[in-house]
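J.: All I have is the shape, not the residue letters:
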């Protein structure tokens, strides 16, 4: 490596560190301010604003721009946000936080938002008249079947119609197939992961939410630094050429150890070191898989970064991509692992 290349790499690492530290400081300040309210409304609003920014960015990203993807993503987000407010809006914050309460919201929000994203995408963003009609039918199906058929029959018919749409979208042209897969995979995960952070806040307090964010971002930073300095093997060349085996291992170790540190500090519940390491390892694997998923979507869209809001750190999606799978994993596994 030439002297100029080495200097450029050091400069990039420094800029990324400064930007990341500034973002972390700003986010910590916002979360601290949210603790001053006796209502979950500020946290719900914060999650909603972050989700809206992500939807705005997807709608303007590379080849996905101009396709009207804001409609299915916004519709799915609105449904999940309504469920979030219905379940969390009336809770009494003076009582102990319920570690497992978010597990009950997660499958309901994932299924509901997923069906809405699928239906609106089929109805508004496709060219096939059959797919559009099926999408419109799926939009109306919940109301129709609720009043005409028994609940069991209606649920079965809705899921059958959704399965037909999924299969139909998978056999469309190659150009639209990539877009459909990106929307159907990323859409529901984007919605529940960002809004699900409010459930992490409720179940594990603001310190638990800070811990989850720190675990994901410390692991991400460790993966970047280790990969940039020691990385030699590139196992995901077609999806994320810059990701290395050494960086993945560094991210895994740092995330697991930082989870143990947060348990010892009292930011997360529990007192078992093996369980804490296991909880951190699960989140690390999920976060790295999330990063690969977002990289795959960006590759389909033909862009390197989802945006330029945060300079060398990319856009909003680049900032929150770790949570696409990490938030659901934390909501499902942490209540059990950290209680052992």
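T.: Yep, it's here. Nothing here was measured: the structure is a model prediction, and the numbers come from that model.

J.: in the stretch 101-250 of the chain, which segments are predicted with low confidence?
T.: By pLDDT under 70, the low-scoring segments of the stretch 101-250 of the chain are 144-154, 173-175, 231.

J.: just the helices in it please.
T.: With DSSP state H, counting those that start in this stretch applied, the stretch 101-250 of the chain shows helices at 101-124, 129-148, 151-170, 174-230, 245-265, listed in chain order.

J.: The ones you listed into a markdown table, with extra columns for distance to residue 285 and mean neighbour count?
T.: Quick note: C-beta positions are derived from backbone N, CA and C, even for glycine. Formatted as a markdown table, the helices of the stretch 101-250 of the chain follow (distance: least, CB to CB, whole Å; neighbours: other CB atoms under 10 Å):
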| stretch | distance to residue 285 | mean neighbour count |
| --- | --- | --- |
| helix 101-124 | 18 | 22 |
| helix 129-148 | 33 | 16 |
| helix 151-170 | 26 | 15 |
| helix 174-230 | 10 | 22 |
| helix 245-265 | 7 | 21 |
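
J.: Which one of the ones you listed lies nearest to residue 51?
T.: helix 174-230 (4.4 Å; CB to CB).

J.: can you give me the offset of that closest one from its chain's centre?
T.: How far helix 174-230 lies from its chain's middle: 4 Å, per CA atoms, centre = their mean, to the nearest Å.

J.: hmm, back to that, now the helices of the stretch 101-250 of the chain as CSV including distance to residue 68?
T.: Listed next are the helices of the stretch 101-250 of the chain as CSV, based on distance: least, CB to CB, whole Å:
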stretch, distance to residue 68
helix 101-124, 6
helix 129-148, 13
helix 151-170, 15
helix 174-230, 11
helix 245-265, 36
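
J.: List just the one of those that sits closest to residue 282.
T.: Closest of the helices of the stretch 101-250 of the chain to residue 282 is helix 245-265, at 9.2 Å (criterion: CB to CB).

J.: tell me what that closest one is packed against?
T.: Packing contacts for helix 245-265, counted by 3 or more CB pairs under 8 Å, 6 or more residues apart in numbering; DSSP states H and E, involve helix 174-230, helix 273-301.

J.: Would you reformat those as TSV and include distance to residue 115?
T.: Compiled in TSV, the helices and strands packed on helix 245-265 are given as follows (distance: least, CB to CB, whole Å):
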stretch	distance to residue 115
helix 174-230	9
helix 273-301	20
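
J.: Of the ones you listed, which is nearest residue 110?
T.: helix 174-230 (5.1 Å).

J.: what angle do the closest one and helix 101-124 make?
T.: 140 degrees (axes from the mean of the first three to the mean of the last three CA atoms, to 10 degrees).

J.: Specify the angle between helix 174-230 and helix 151-170 in degrees.
T.: Here helix 174-230 points in a direction 80 degrees away from that of helix 151-170 (the same axes, to 10 degrees).

J.: For helix 174-230, which helices and strands make contact with it?
T.: helix 3-34, helix 41-58, helix 70-88, helix 101-124, helix 151-170, helix 245-265, helix 273-301, helix 323-337.

J.: my guess is residue 172 meets residue 125, correct?
T.: No - in this structure, residue 172 is not within contact of residue 125 by CB atoms under 8 Å, at 11.4 Å.

J.: re the thing from before, out of the helices of the stretch 101-250 of the chain, nearest to residue 77?
T.: Closest approach to residue 77 among these is made by helix 174-230 (4.9 Å; CB to CB).

J.: any idea how far the closest residue in space to residue 284 that isn't next to it in sequence lies from residue 334?
T.: Computed as CB to CB, 6 or more residues apart in numbering, the closest residue to residue 284 that is not its neighbour in sequence is residue 255, at 3.5 Å. According to CB to CB, to the nearest Å, residue 255 stands 13 Å off from residue 334.

J.: got it, and residue 307?
T.: Look at residue 307 and residue 334: by CB to CB, they are 30 Å apart.

J.: More neighbours: those two, which one.
T.: Comparing residue 307 with residue 334 by neighbour count (other CB atoms under 10 Å), the higher total belongs to residue 334, at 29 against 20.

J.: Hmm, that one is touching residue 204, no?
T.: Yes - using CB under 8 Å, residue 334 is in contact with residue 204, at 7.3 Å.

J.: what sits up against stretch 329-340?
T.: 99-100, 102-103, 106, 196, 199-200, 203-204, 212, 263, 268-270, 272, 275-276, 278-279, 282-283, 286 (CB atoms under 8 Å, 6 or more residues apart in numbering).
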